[in-house]
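Colleague: give me coordinates for this.
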Amino acid sequence: MKRKLVALTFGGVALFSHVGCKNPTNSESKARDSSVKSRVGNATEEQESPAYKAFVSEFVAIKNADDFAALVGKLQRDYNTYPVDLKFVAAQLIPLSGLRGLGYLVHNLAVQSKVTDSLAVTGLMVTASGINLFSPPPANGGTGTAAWSAIFDYLTMPFAGVSEKFKSVRDLQAFIHTNLVANKALDTAISRISELNITANTPVVWDNRLVYGANGFADSQDRFVTLTDSEKNVAIAGLHSIYHNTLVFLSYNYDDSIKAMDKVGRLVGLDVVLPGQPDGVAAQDRAKIIRSFPALFTALPAAAEYMPAAYAHLKASVDAVGEAWRATKAQGNNSSNDFQLLSPAKILPWQRINDVSLSNIRALVNGQPVRSAVTGETVTMNIPAFYNNPPQNMQAFLPVAFKAGDHNIVVAGQTTRNYHYGEAELWDVNAFKPYMPGVNSSTDVARDIRILGQVWGGWFASVPTVAMTIAM
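Modeller: Down below sits the predicted model:
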């Protein structure tokens, strides 16, 4: 049962864009000419501060990564002088300042596994081509802006004075710690956005020219989007979620993760160079590979500090989503907010499901039971314990027994693959019991995971259960 509000992020920054506005009527179309003010619904150009307008002009004029670096430096230096609308954007861009060249720095890690390297490069190529396709810069004969390609290069390309490439995942963890945690980049971003007076009565405006360039939008139709406390809280939730994920990443040993992925890839057939026969990867195979790296997924000394802090950010993220939902319902469904980013007209029809999902998520984060929408069974995940008393080795959650049999079986006189070969059957009850109190026997693990999959909002429990069921 999965349905969730999603804050789109680029490099860990909640950036909003929206062009799904209503189509104009014939009379509206005829009325739009040079004498008409730049106004769409309740989103107007007049709501933009002079500083925000100047920022839009400067942003769309960016040509390369150095231009973007200079702009981020300016936003950081002058932040306290800005009006609310520009502060909202600046607070989310500034955390990128320490992440320049990150894609380049991790390259030596990715190439340890051909499949990892190929997937990473393919993903980056798709992103780069997508930027040029949907907002082609003038240099490519388009009407968009080069700013997004510049941000892409800023995050992925080397630059003068760039550090040495990472030799281990531990190097990556140190980099992330330095540039997002130790320097308070995420703390500052959350604090800055939280103190902004952005409500339904005091909204700010997003200008879609930030996405499509200075030549985008011949008139004001579809150009502006209203941002209220709903969108503000979604941004806060996104930053708390990023902070949570960062602290969890810093809490465990992933140094052999690329090597393990390489071994899995060879079984799948993706990393096979010499002639070989891909064999598929059963849970039994995955568990064996992971266990061949004893230090993989073991807690680092920092886990004692970072996991409880991660839990605080997880709860804060849920609270912020709750505030966003409360504000959306309070605004109601009327024509005055047709052009709000989180349009109530699109969200409120799902009110029952969203109410139930949010209620279940709040129960899960507090370690309270939730109910299957299918069978009526209940399940409890002690999520607070998972963070406040974190597992010392995530490998303890791997299956301990698997279905026996042959790779191939004979059915109707024909040989075919046995797709249940190596399927997980039993788990260590002592490993799960502190975090899933309803587990009294090994088979109860699969039962509780099944029930969670039938709970509205049950996807939220995937945060700890991903670790617990990594080889199911």
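
Colleague: going by C-alpha atoms from here, please, whenever you check contacts or count neighbours.
Modeller: OK.

Colleague: what about the strands in the chain?
Modeller: Using DSSP state E, the strands of the chain run over 9-10, 13-14, 39-40, 43-44, 204-207, 224-227, 370-371, 378-379, 401-402, 408-411, 414-417, 424-426.

Colleague: please identify the deepest-packed of the ones you listed.
Modeller: Each of the strands of the chain was scored by mean neighbour count; the highest is strand 224-227, a mean of 27, by mean count of other Cα atoms under 10 Å.

Colleague: distance between that strand and the chain's centre?
Modeller: Centroid separation between strand 224-227 and its chain, computed with Cα atoms, centre = their mean, to the nearest Å, is 22 Å.

Colleague: per-domain residue ranges of this structure.
Modeller: Residue ranges for the domains of the chain, per automatic domain parsing: 1-22+36-255+295-342, 366-472.

Colleague: any chance of the ones you listed in a markdown table, plus distance to residue 350 and mean pLDDT?
Modeller: Converted to a markdown table, those look like this (distance: least, Cα to Cα, whole Å; pLDDT from 0 to 100):
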| stretch | distance to residue 350 | mean pLDDT |
| --- | --- | --- |
| domain 1-22+36-255+295-342 | 9 | 84 |
| domain 366-472 | 12 | 87 |
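
Colleague: follow-up on the earlier one: residue 234 is nearest to which of the strands of the chain?
Modeller: Shortest distance between residue 234 and the strands of the chain, using Cα to Cα, is found for strand 13-14: 8.4 Å.

Colleague: dump the strands of the chain to JSON lines, plus distance to residue 357.
Modeller: Compiled in JSON lines, the strands of the chain are given as follows (distance: least, Cα to Cα, whole Å):
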{"stretch": "strand 9-10", "distance to residue 357": "22"}
{"stretch": "strand 13-14", "distance to residue 357": "22"}
{"stretch": "strand 39-40", "distance to residue 357": "33"}
{"stretch": "strand 43-44", "distance to residue 357": "31"}
{"stretch": "strand 204-207", "distance to residue 357": "29"}
{"stretch": "strand 224-227", "distance to residue 357": "24"}
{"stretch": "strand 370-371", "distance to residue 357": "10"}
{"stretch": "strand 378-379", "distance to residue 357": "15"}
{"stretch": "strand 401-402", "distance to residue 357": "34"}
{"stretch": "strand 408-411", "distance to residue 357": "42"}
{"stretch": "strand 414-417", "distance to residue 357": "39"}
{"stretch": "strand 424-426", "distance to residue 357": "29"}
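
Colleague: can you pull the contacts of the residue nearest to residue 185 when sequence neighbours are not counted?
Modeller: Nearest non-adjacent residue to residue 185, counting by Cα to Cα, 6 or more residues apart in numbering: residue 95, 5.4 Å away. When contacts are counted by Cα atoms under 8 Å, 6 or more residues apart in numbering, residue 95 touches 13, 180, 185, 186, 189.

Colleague: please apply the same query to residue 304.
Modeller: By Cα under 8 Å, 6+ apart, the contact set of residue 304 is 388, 389, 390.

Colleague: on that earlier part again, among the domains of the chain, which is nearest residue 282?
Modeller: Per Cα to Cα, nearest to residue 282 of the domains of the chain: domain 366-472, 5.3 Å.

Colleague: could you count how many residues lie near residue 73?
Modeller: Neighbour count of residue 73, defined by other Cα atoms under 10 Å: 14.

Colleague: next one: it from residue 299, what distance?
Modeller: 36 Å (Cα to Cα, to the nearest Å).

Colleague: what does residue 217 give?
Modeller: 52 Å.

Colleague: which one's more surrounded, these two?
Modeller: residue 299 (21 against 14).

Colleague: tell me how many other residues surround the residue lying closest to the more buried one once chain neighbours are set aside.
Modeller: Spatial nearest neighbour of residue 299, chain neighbours left out: residue 252 (4.5 Å); criterion: Cα to Cα, 6+ apart. Neighbourhood size, residue 252 [other Cα under 10 Å]: 24.

Colleague: what's near enough to touch residue 252?
Modeller: Per Cα under 8 Å, 6+ apart, neighbours of residue 252: 297, 298, 299, 300, 303.

Colleague: the last one and residue 246 touch, don't they?
Modeller: No: applying Cα atoms under 8 Å, one finds residue 303 not in contact with residue 246, separated by 11.7 Å.

Colleague: tell me which of those two has more neighbours.
Modeller: In terms of neighbours (other Cα under 10 Å), residue 303 is the more surrounded of residue 303 and residue 246; the figures are 24 against 19.

Colleague: in contact with that one, which residues?
Modeller: 248, 250, 251, 252, 390.

Colleague: residue 232 and residue 223, how far apart?
Modeller: With the distance defined as Cα to Cα, residue 232 ends up 20 Å from residue 223.

Colleague: can you give me the helices in the stretch 1-150 of the chain?
Modeller: 26-31, 50-60, 65-78, 84-93, 102-105, 107-110, 114-134, 147-156 (DSSP state H, counting those that start in this stretch).
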